[in-house]
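Chemist: dropping a prediction and its sequence here:
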Amino acid sequence: MSKRPVVIELDAPPEQTPATAPPLPEERPQGRAMQSVAAVVTRKPSRLARFFWSSLLALVGFVTSVAAWDFVTGLIERSPILGTIAVCLTGLFVFALLLVAGKEWLALGRLKKIDGLRAEAEAALAGQDLKAARAVRARMMTLYANRPELEAGRAALLAREGDSFDADAVFAAAEAHLLIPLDAQAMREVEAAARQVATVTAIVPLALADLIAALTANLRMIRRVAEIYGGRSGTLGSWRLTRAVLTHLVATGAVAVGDDLVGSIAGGGILSRVSRRFGEGIINGALTARVGVAAMDVCRPLPYVSTDRPSVTGMVRRAMTGLFPGQKE
């Protein structure tokens with residue numbers, strides 16, 4: 001028995017057809033890798049988690065110390081020569097640990113020194129204290145005494161030492177001769193980090209690769225910016241500095257992707273002409289540039305007096321020029 005087609009007649013035509021249906025909303029890139037980095041770095045562990053890891057670290061350290069002691073003393077009883085070698089190697093290891101701890105302590109001290117200089121400079125500017133401003137300038141000269149690239153700037157600043165008669169003029173001269181060259185170096189580091197994060201996001205389709213690239217690039221960038229301005233942060237100092245920078249950005253909402261950020265780097269509808277991965281790359285690069293500018297603010301020993309704060313838009317455009325299709329300088 002053959003089956004015939006069944007025709008169902010509709011009483012009225014449908015309200016929506018494929019031709020009249022509204023277009024799907026366009027999904028705007030959100031920079032998820034940088035959002036994840038900010039969430040990971042700024043997350044505060046609970047008291048229970050801190051208690052757990054502290055007790056675990058103490059237990060592991062105690063067990064390791066007792067095992068090492070038993071191993072060395074037992075080896076001395078069996079063979080005095082081998083025991084002596086073990087004691088010497090253990091002493092070298094402990095000495096290396098002390099050197100690492102000393103280096104971290106000195107690095108934290110240099111970061112606090114930069115923070116103190118900036119606080120004193122802001123107080124001198126607020127009170128127009130000429131004496132305090134000259135004291136800050138002298139400390140800056142000492143801070144950069146061993147920087148060959150600033151030798152000409154230090155000489156010019158010394159030659160004009162008596163030409164400034166207010167705090168603004170003192171800091172403007174110090175900024176022009178000492179900090180502007182360092183600002184240029186720091187901006188190059190920020191642009192390189194933004195370019196690296198954008199490239200990895202656009203090319204590598206793995207979300208975990210985005211996160212790792214963004215985290216490592218931002219940590220390296222913040223450490224390099226601190227070293228440029230004289231901070232020379234160690235491992236703990238770099239992590240502390242990164243937490244401070246990203247916590248500030250999260251608190252001010254600067255890691256959020258707003259219309260101002262998209263419009264500033266997507267002029268001419270660039271994000272609508274490239275793939276979604278390229279759009280994510282540009283947004284992640286722009287957020288990295290925001291982190292870099294904030295790191296410059298934190299690590300710079302003086303506030304911006306005679307020069308303007310670096311523009312995130314300009315840095316992103318220089319970093320992304322020629323990197324993605326449709327971009328022009």
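Modeler: Great, that's in hand. Numbering: from 1, shown residues only.

Chemist: going forward, measure contacts between C-alpha atoms and count neighbours the same way
Modeler: Will do.

Chemist: need the helices for this protein, in chain order.
Modeler: Counting by DSSP state H, the segments of the chain that form helices are 32-42, 47-78, 80-127, 130-143, 151-159, 167-174, 180-203, 207-228, 235-252, 259-265, 270-273, 276-299, 312-320.

Chemist: in the second one, what's buried?
Modeler: Put plainly, it is helix 47-78. Buried residues in helix 47-78, counted by 16 or more other C-alpha atoms under 10 Å: 72-73, 75-76.

Chemist: now, of the helices of the chain, which is deepest in the fold?
Modeler: Mean neighbour count (mean count of other C-alpha atoms under 10 Å) peaks for helix 276-299 among these, with a mean of 26.

Chemist: which other helices and strands contact that one?
Modeler: Helix 276-299 sits against helix 32-42, helix 80-127, helix 180-203, helix 207-228, helix 235-252, helix 259-265, helix 312-320, with contacts defined as 3 or more C-alpha pairs under 8 Å, 6 or more residues apart in numbering; DSSP states H and E.

Chemist: weakest of those in terms of mean pLDDT?
Modeler: Mean pLDDT across the helices and strands packed on helix 276-299 is lowest at helix 259-265; the value there is a mean of 50.

Chemist: so what's the closest residue to Glu77 other than its chain neighbours up against?
Modeler: Once flanking residues are discounted, Glu77 sits nearest to Gly83: 7.6 Å by C-alpha to C-alpha, 6 or more residues apart in numbering. By C-alpha atoms under 8 Å, 6 or more residues apart in numbering, the contact set of Gly83 is 72-77.

Chemist: tell me the one among those residues nearest to Phe171.
Modeler: Checking the contacts of Gly83 against Phe171 with C-alpha to C-alpha, the nearest one is Val72 at 59.1 Å.

Chemist: give the contact list for that closest one.
Modeler: Counting by C-alpha under 8 Å, 6+ apart, Val72 makes contact with 83, 86-87.

Chemist: repeat for Ala213
Modeler: Going by C-alpha under 8 Å, 6+ apart, Ala213 touches 196-197, 200.

Chemist: export the contacts of Gly83 to a markdown table and tack on distance to Ala186 and pLDDT?
Modeler: Shown next, in a markdown table, are these (distance: C-alpha to C-alpha, whole Å; pLDDT from 0 to 100):
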| residue | distance to Ala186 | pLDDT |
| --- | --- | --- |
| Val72 | 49 | 86 |
| Thr73 | 53 | 88 |
| Gly74 | 54 | 87 |
| Leu75 | 53 | 86 |
| Ile76 | 54 | 86 |
| Glu77 | 58 | 86 |
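
Chemist: return the member of those residues nearest to Leu125.
Modeler: Val72 (60.4 Å).

Chemist: including distance to Leu97, could the contacts of Val72 go into a markdown table?
Modeler: A markdown table is the format used below for the contacts of Val72 (distance: C-alpha to C-alpha, whole Å):
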| residue | distance to Leu97 |
| --- | --- |
| Gly83 | 21 |
| Ala86 | 17 |
| Val87 | 15 |
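
Chemist: which one of the residues you listed is nearest Val204?
Modeler: Distance to Val204, by C-alpha to C-alpha, is smallest for Ala86 among the contacts of Val72, at 47.7 Å.

Chemist: spit out the contact partners of the closest one.
Modeler: Counting by C-alpha under 8 Å, 6+ apart, Ala86 makes contact with 72, 75.

Chemist: state the distance from it to Ile114.
Modeler: Computed with C-alpha to C-alpha, to the nearest Å, the distance linking Ala86 and Ile114 is 42 Å.

Chemist: now swap in Ala192 and tell me
Modeler: 24 Å.

Chemist: rewinding a little: dump the buried residues of helix 47-78 to a markdown table, plus distance to Asn284.
Modeler: Output for these, formatted as a markdown table (distance: C-alpha to C-alpha, whole Å):
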| residue | distance to Asn284 |
| --- | --- |
| Val72 | 52 |
| Thr73 | 55 |
| Leu75 | 56 |
| Ile76 | 58 |
